[in-house]
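S.K.: My questions concern the predicted model and sequence given below.
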Amino acid sequence: MAVMAWMKWATIVVLEYLAMTLVRPWWARVASLINRSRCSARAIVLPSGKVRNSIEFLPVELFTDLVSGDAFETDLIVKAKFRGQESCFIIHVEHQGKFDKDFDWRMFNYFALLLRDYGLPVYPIVIFSHRSPRLAGDRSYTVAFPDWEVLRFNYRAIRLNHLAWRDFVGKANPVASAFMAKMKIRKVDRIMVKLACLRELTELALNPAQLHLLSGFVDTYLRLDLAEEARLMEQVGRIEGKQKEGIMQIVTSWQEQGIETGRQQQAKLLIRQLTRKLGGVSKALVGDVEGLSVEQMSDLGEALFDFESEADLRVWLGRASA
């Protein structure tokens, strides 16, 4: 019971700061927010009700594999100090979105690096967000011989695909609301989970950047088919008041983002086709093609087969802009 309470506390400390690690390409967009928070301290409430103060977010550590030459960076390092005591310890939280047979070894190297640099006890935690394999229990890295086990390094594992999404409804935690999309979900519950995520996000005091980041995570990892989307919108239609308005704003932003993504992909395809057809396209004309509407791109896709030179493309774009 004490272990579970400790584990819940350590998870609460870091959950709000984990969204940026789930989708690596999004890191750049939120790095500035995270850097500011690293210097902050806050009181932490344990399950027992006691308060521990304070925590300090530390710079990431870089580890280089001398054999493969790969470089790895820690995701989140927290220095925690108990109130009324001088002793401190390190909480290291790592996110892993895919199965990696060498991950246990990498976690041990992180542990050794942090222990060397800070000289403090390290409490390692990993949040696994991949769908499979559904491994249970904590993980370890061992060095052993037939007659002797030299080393056994253990770390805590939080596996989202083992967690029941219903347990996180109403927790008023923005990242938990997004994480529900990666938890254990039955196929028949997919619509219900996505709606629950939307409800949770609209009830939290999030700024536009936070809302865009977390709602985008939900839409990316909990994709519904057309029939499911229609049923979702039917249920949204039954909601009343400001919550419905908030949900519709999120859904509209998903639709707009989907249209823009499709337009960008169509532009890339057209530019490749034009380059192959004409032998090359100037940067200026590439910019003009990228600025076309979806309908104009469709028209250009048919017209380009009659082009013989860049001049033909330039004339066509002139007519389209007129």
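M.R.: Cool, the structure landed.
S.K.: low-confidence ranges in this structure?
M.R.: The model of the chain has pLDDT under 70 over residues 1-55, 65-69, 82-84, 134-137.
S.K.: what comes up buried for the strand or helix carrying residue 244?
M.R.: If you go by DSSP states H and E, residue 244 is part of helix 241-278. In terms of neighbour count (16 or more other C-beta atoms under 10 Å), helix 241-278 has its buried residues at 246-248, 250-251, 253-254, 266-267, 270, 273-274, 277-278. Using the backbone N, CA and C atoms, a C-beta is placed for each residue, glycine as well.
S.K.: Same check on stretch 149-167?
M.R.: By 16+ other C-beta under 10 Å, the buried positions in stretch 149-167 come out as 153, 155, 156, 157, 158, 159, 160, 161, 163, 165.
S.K.: same deal with stretch 288-301?
M.R.: Residues 288, 289, 292, 297, 300 are the ones in stretch 288-301 that count as buried (16+ other C-beta under 10 Å).
S.K.: picking that back up, of the buried residues of stretch 149-167, which belong to strands?
M.R.: Judged by DSSP state E, those include 153, 155, 156, 157, 158, 159 as members of strands.
S.K.: okay if I get these as TSV plus distance to residue 145?
M.R.: Below are those laid out as TSV (distance: C-beta to C-beta, whole Å):
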residue	distance to residue 145
153	16
155	23
156	27
157	26
158	32
159	31
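S.K.: which residues sit against the helix or strand where residue 284 lies?
M.R.: For residue 284, the host element (DSSP H and E) is helix 283-290. Contacts to helix 283-290, defined as C-beta atoms under 8 Å, 6 or more residues apart in numbering, come from residues 264, 267, 270-271, 274, 281, 297, 300, 310, 313-314, 317, 321.
S.K.: rerun that using 10 Å as the cut-off
M.R.: 263-264, 266-268, 270-271, 274-275, 278, 281-282, 296-297, 300, 304, 310, 313-314, 316-318, 320-321 (C-beta atoms under 10 Å, 6 or more residues apart in numbering).
S.K.: Pull that helix out as CSV, backbone CA atoms only.
M.R.: Backbone C-alpha positions of helix 283-290 (Å, rounded to 0.1, in the frame of the first residue of the first chain) are rendered in CSV as follows:
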residue,chain,number,x,y,z
LYS,A,283,11.1,28.7,-56.0
ALA,A,284,8.7,31.6,-56.8
LEU,A,285,6.3,29.3,-58.7
VAL,A,286,6.5,26.7,-56.0
GLY,A,287,5.3,29.3,-53.5
ASP,A,288,2.5,30.2,-55.9
VAL,A,289,1.4,26.6,-56.1
GLU,A,290,1.5,26.2,-52.3
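S.K.: what's the most distant pair in the buried residues of stretch 149-167?
M.R.: Farthest apart among the buried residues of stretch 149-167 by C-beta to C-beta are 153 and 165. That separation is 31.3 Å.
S.K.: I figured residue 63 hits residue 94, correct?
M.R.: No - in terms of C-beta atoms under 10 Å, residue 63 does not count as a neighbour of residue 94; the distance is 11.3 Å.
S.K.: where do the contact lists of those two overlap?
M.R.: Counting by C-beta under 10 Å, 6+ apart, the common neighbours of residue 63 and residue 94 are 72, 74, 106, 110.
S.K.: which residues in the stretch 101-250 of the chain form strands?
M.R.: In the stretch 101-250 of the chain, the strands defined using DSSP state E, counting those that start in this stretch lie at 122-128, 139-145, 148-159.
S.K.: Looking at these, which is nearest to residue 217?
M.R.: Proximity to residue 217 (C-beta to C-beta) singles out strand 122-128 among the strands of the stretch 101-250 of the chain, at 13.5 Å.
S.K.: and the closest one, which strands flank it?
M.R.: strand 88-96 (parallel), strand 148-159 (parallel) (DSSP bridges).
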